[in-house]
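>>> This is the structure alone, sequence omitted:
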């Protein structure tokens, strides 16, 4: 059975798991983090919860760590990657339903006017998401999303979006997994969209992606083959209070560690830290305009409609002992693989 | 890292995992199965999909096996265990809402008239489930369900319901896990109810229980502590077409093997076998009135309102190469641990 047990282990640790750590990384599992309280807190938490002689020891089966994606694991500015995908799909949808060409917000998108598109409200963007991400089979959706994500490029860095993951957070995912934590994505993004690349990019398998989810409808094609069609009906809005609700629905255990970067993650961190024993809650603050972006409006940073980090959230974090990660001060390099800007 | 990797492995394999197999079980992983086509099909499937040199090899990460619970893993007659739990809770609910005492179906339950209670329709039982399984915090629900399941006894066998699991299926769960399969429960039963005991009874952790699920609402108590309240709103009716829909929502991968026992499992088996490569679909037929129960109405067995196995399902199974397991002929013993009737 040994072979199969090893194969199972490899499967559950994932492609970015402990087997991929170099000996330098084993000495310092977080080389892209500067020495400081944020890095120290992570290391202390992992040691305390994985040492069987510690009063704070957590049994392996209960080691759940949840990660927001946009702005926590990869870049979310100027707009969520999934919104770019949806905007790219609008011409396809309008071709299938020509009457949409004269209806807002589709009219604006079809105009190609970049300034006007950038000014679309979140409500407008939600309408576009619903129209472009439903109505097809789940298999077709997966195929199309995989093709798009492989080809699309971020306009600022001219790199695939999947190269815009944060090196310190990739190391953190690996470190948590190597320490027996099951890593979950808990994202406001579409569950099916994120599942199309999460295993390859983060080592997080589809069954560990919790996201905003619509229903599906089971049916049969003309050959009697069954398939699932994506419905516009929303089952889980995985933002704000929807994050702990989604965690209960999909995981059924309270996390011991949770990572986010915006007010949409507040309830997930509250729920996590309200459990007994040692818990870890961290928020990434985007305060590095040179190497990435700077937005808040906490701490006097510029306001934003994407990834808002309010002063109230900052104050709650401070009062509750949650760790705010300063990208500028706590991260030695920003992007994985040193492919982009690093140093400092 | 070796210690932690081993700990992780132990966690993911579960308490009934390969570490618990005796040397006799390693030679024959399915000792409670009689030699025959059903047992042979399981062994052939596992060998073909786990042998890296086989054309039918399935990578460990994709090895998903889904199991219905009631009638597949444990006894469902004369009525689902969860319904017994709900009926037991009716007096508590009526005490809190006295006006329900004069409203059907609660009036019948409160009458204590066993014959009348046994005649309640499935619609009536659903009303009772909704009233008794919602409105409390998820933590309170978990505690109460755990206490009840530890104390309640099946009236025929005078044993805890958790002792009425089928030995051949427990062996199958272990065998699949030892072969690198991630075992999921996909049950029409309440997700939160089943999660209260699935890890202890089946080695299936909460995050691998997919069941009929209501929503929850996030809120705060008077001390500002967050908690989740169970809502009556249904998110997933995990029966019939709801099973593949639930599998997509919660797992996001198509299973390679699926096990059920009634028409409520038909779509799950169709969806599983419609995937490419080698797939395994099996249905337990309750044709053993002496050692357990006999019902269908397939193959001339008595009709039933609990766990219906129609002739149409039997014919679909035959035409599609799904395996129908005869409890009478394929199972050497019925109950785990030889605690109850065994032999033959």
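Cool, got the structure. A quick note: this is a predicted structure, and the numbers were derived from the prediction, not measured. Numbers count the residues shown, from 1 in each chain, chains lettered A, B, ... in the order given.

>>> Go through the longest helix along chain A and flag the buried ones.
What stands out as the longest helix in chain A, according to DSSP state H, is helix A:81-96. For helix A:81-96, burial by neighbour count (16 or more other C-beta atoms under 10 Å in any protein chain shown) applies to A:81-87, A:89-90, A:93-94. Every C-beta, even on glycine, is put in place using the N, C-alpha and C of the backbone.

>>> Poorly predicted segments of the stretch 201-344 of chain A, please.
A:337-344 (pLDDT under 70).

>>> Please disregard the earlier target; I meant the stretch 51-200 of chain A.
Judged by pLDDT under 70, no stretch of the stretch 51-200 of chain A qualifies at all.

>>> ok, how many other residues are close to the residue of it at minimum distance from chain B?
The nearest approach of the stretch 51-200 of chain A to chain B comes at residue A:60, 3.4 Å away (C-beta to the nearest C-beta). By other C-beta atoms under 10 Å in any protein chain shown, 18 other residues sit near residue A:60.

>>> How much space separates it from residue A:301?
39 Å (C-beta to C-beta, to the nearest Å).

>>> Give me every residue in the stretch 151-300 of chain A lying close to chain B.
A:177-180, A:182, A:191-192, A:195, A:199, A:205-207, A:209, A:213, A:215-218, A:225-228, A:235-236, A:241, A:244-245, A:248-253, A:267, A:270-271, A:274 (C-beta under 8 Å from any C-beta of the partner chain).

>>> Give me the buried entries from these.
Buried by 16+ other C-beta under 10 Å: A:177-180, A:182, A:191-192, A:195, A:199, A:205-207, A:209, A:213, A:215-216, A:218, A:226-228, A:235-236, A:241, A:244-245, A:248-253, A:267, A:270-271, A:274, out of those.

>>> ok, and what's touching the helix or strand following the longest helix of chain A?
With elements assigned by DSSP states H and E, the helix or strand that comes after helix A:81-96 is helix A:106-111. Applying C-beta atoms under 8 Å, 6 or more residues apart in numbering or on different chains, the external contacts of helix A:106-111 come out as A:87, A:90-91, A:93-94, A:100-101, A:116-117, A:120, A:124, A:128, A:131.

>>> near chain B too, which of those residues?
Applying C-beta under 8 Å from any C-beta to these, none is adjacent to chain B.

>>> Relative to residue B:284, which of the residues you listed is nearest.
residue A:131 (43.8 Å; C-beta to C-beta).

>>> How about the contacts made by the closest one?
A:90, A:93, A:100, A:106.

>>> Closest one to residue B:52 out of these, please.
Nearest member of the contacts of residue A:131 to residue B:52, counting by C-beta to C-beta, is residue A:93, at 43.0 Å.

>>> ok, the closest one to residue A:237 distance?
22 Å.

>>> what does residue A:123 give?
In terms of C-beta to C-beta, residue A:123 sits 13 Å off from residue A:237.

>>> next one: residue A:210
Counting by C-beta to C-beta - residue A:210 and residue A:237 are separated by 12 Å.

>>> Give me the more crowded residue out of these two.
Counted by other C-beta under 10 Å, residue A:210 and residue A:237 do not tie: residue A:210 has more neighbours, with 23 against 15.

>>> Next, the angle helix A:81-96 makes with whichever strand or helix holds the more buried one.
Here residue A:210, judged by DSSP H and E, is contained in strand A:209-220. Orientation check (axes from the mean of the first three to the mean of the last three C-alpha atoms, to 10 degrees): strand A:209-220 against helix A:81-96 gives 20 degrees.

>>> who's in contact with the helix or strand just after strand A:209-220?
Once the chain leaves strand A:209-220, the next helix or strand it forms, by DSSP H and E, is strand A:226-236. Applying C-beta under 8 Å, 6+ apart, the contact partners of strand A:226-236 are A:130, A:133-139, A:141, A:191-192, A:210-221, A:242, A:245-246, A:249, B:235-236, B:244-245, B:248-249, B:267, B:270-271, B:274.

>>> try stretch A:327-336
Here stretch A:327-336 has contacts from A:31-34, A:36, A:38-39, A:163-168, A:170, A:284-288, A:291-292, A:325, A:340-344, using C-beta under 8 Å, 6+ apart.

>>> Next step: those residues restricted to strands.
Judged by DSSP state E, the subset of these located in strands is A:284-285, A:325.

>>> could those be laid out in a markdown table, adding neighbour count?
A markdown table is the format used below for the ones in strands among the contacts of stretch A:327-336 (neighbours: other C-beta atoms under 10 Å in any protein chain shown):
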| residue | neighbour count |
| --- | --- |
| A:284 | 27 |
| A:285 | 25 |
| A:325 | 28 |
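
>>> Format the residues you listed as JSON lines; extra columns: distance to residue B:111.
Below are these laid out as JSON lines (distance: C-beta to C-beta, whole Å):
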{"residue": "A:284", "distance to residue B:111": "60"}
{"residue": "A:285", "distance to residue B:111": "62"}
{"residue": "A:325", "distance to residue B:111": "61"}
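
>>> which one among these gets closest to residue B:259?
residue A:284 (43.2 Å).

>>> any idea how far residue A:323 is from that closest one?
10 Å.

>>> quick one, phi psi at the residue of the stretch 101-250 of chain A found nearest chain B?
Using C-beta to the nearest C-beta, residue A:206 is the residue of the stretch 101-250 of chain A that sits closest to chain B, at 3.3 Å. When read as degrees, to the nearest 10, the backbone of residue A:206 gives phi -50, psi -40.

>>> so the closest residue to it other than its chain neighbours, which of the three states?
Spatially, and ignoring its direct neighbours in sequence, residue A:206 is nearest to residue B:252 (3.3 Å; C-beta to C-beta, 6 or more residues apart in numbering or on different chains). For residue B:252, the assignment made with DSSP: H, G, I helix; E, B strand; the rest coil gives coil.

>>> Does residue B:252 touch residue A:191 like I think?
Yes. With contact defined as C-beta atoms under 8 Å, residue B:252 reaches residue A:191; the gap is 7.4 Å.

>>> what touches both of those two?
With C-beta under 8 Å, 6+ apart, residue B:252 and residue A:191 have common neighbours residue A:209.

>>> show me the contacts for residue A:116.
Residue A:116 touches residue A:108, counting by C-beta under 8 Å, 6+ apart.

>>> Which of the residues in the helix or strand where it lies are classified as buried?
In the assignment (DSSP H and E), residue A:116 maps to helix A:114-118. Neighbour counts over helix A:114-118 (16+ other C-beta under 10 Å) mark residue A:117 as buried.

>>> From the chain's centre, how far out is that helix? Work that out for me.
Mean C-alpha position of helix A:114-118 versus that of the full chain (C-alpha atoms, centre = their mean, to the nearest Å) differs by 25 Å.

>>> Equivalent analysis for stretch A:38-57, please.
For stretch A:38-57, the distance to the chain centre is 24 Å (C-alpha atoms, centre = their mean).

>>> quick one: contacts of it?
Identification of contacts with stretch A:38-57 by C-beta under 8 Å, 6+ apart yields A:29-30, A:33, A:58, A:63, A:172, A:175-176, A:179-180, A:256-257, A:277-278, A:280, A:282, A:323-326, A:330, B:4, B:7.

>>> who touches the residue lying closest to residue A:30 once chain neighbours are set aside in this structure?
Counting by C-beta to C-beta, 6+ apart, the nearest residue to residue A:30 once its immediate chain neighbours are dropped is residue A:171, at 5.0 Å. By C-beta under 8 Å, 6+ apart, the residues touching residue A:171 are A:25, A:29-33.
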